[in-house]
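Undergrad: heads up, no residue letters with this:
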């Protein structure tokens, strides 16, 4: 993903200054992995895009795609049951 963020612009599309833009992208893009490694625990960084801990906020049908053999299979099952119970009421 980080590699895609620093690809050069297409010169024929971007026009003059494509090389300067490319260098700006390279200089201004920190690999996202570094930040992820610093944010190992649950907290504000992860919460902004998460429903956790308030799954009841889901107000529409939801498809949860995941492997049944993973450690969190019981959590997904419970989440699915809560969603189903909520939509039935």
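TA: That came through, no problem. These figures come from a predicted structure and were not determined experimentally. Numbers count the residues shown, from 1 in each chain.

Undergrad: domain parsing for the chain?
TA: 1-50, 51-89 (automatic domain parsing).

Undergrad: lowest-pLDDT helix or strand in the protein?
TA: Every helix and strand of the chain was ranked by mean pLDDT, DSSP states H and E. The lowest is helix 73-88, at a mean of 62.

Undergrad: In JSON lines: the domains of the chain, plus mean neighbour count.
TA: For every residue, glycine as well, the C-beta is placed using N, CA and C. Below are these laid out as JSON lines (neighbours: other C-beta atoms under 10 Å):
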{"stretch": "domain 1-50", "mean neighbour count": "10"}
{"stretch": "domain 51-89", "mean neighbour count": "10"}
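
Undergrad: and these, which one is worst for confidence?
TA: Among the domains of the chain, domain 51-89 carries the lowest mean pLDDT, at a mean of 69.

Undergrad: The closest residue to residue 21 other than its chain neighbours and residue 29: what is the separation?
TA: In this structure, residue 21 finds its nearest non-sequential neighbour in residue 9, 5.3 Å apart by C-beta to C-beta, 6 or more residues apart in numbering. To residue 29, residue 9 is 14 Å away according to C-beta to C-beta, to the nearest Å.

Undergrad: Can you tell me the element residue 37 falls in?
TA: Using DSSP states H and E, residue 37 maps to helix 32-38.

Undergrad: I misspoke; the intended subject was residue 26.
TA: Take DSSP H and E as the rule and residue 26 turns out to sit in helix 18-28.

Undergrad: Contacts made by that helix with the rest, please.
TA: With contact meaning C-beta atoms under 8 Å, 6 or more residues apart in numbering, helix 18-28 is reached by 5-11, 14.

Undergrad: most centrally placed residue in the chain?
TA: residue 49 (7.4 Å; C-alpha atoms, centre = their mean).

Undergrad: separation between that one and residue 63?
TA: Taking C-beta to C-beta as the measure, residue 49 falls 18 Å from residue 63.

Undergrad: do residue 15 as well
TA: As judged by C-beta to C-beta, residue 15 and residue 63 stand 43 Å apart.

Undergrad: Could you do residue 26 as well?
TA: The gap separating residue 26 from residue 63 is 38 Å, by C-beta to C-beta.
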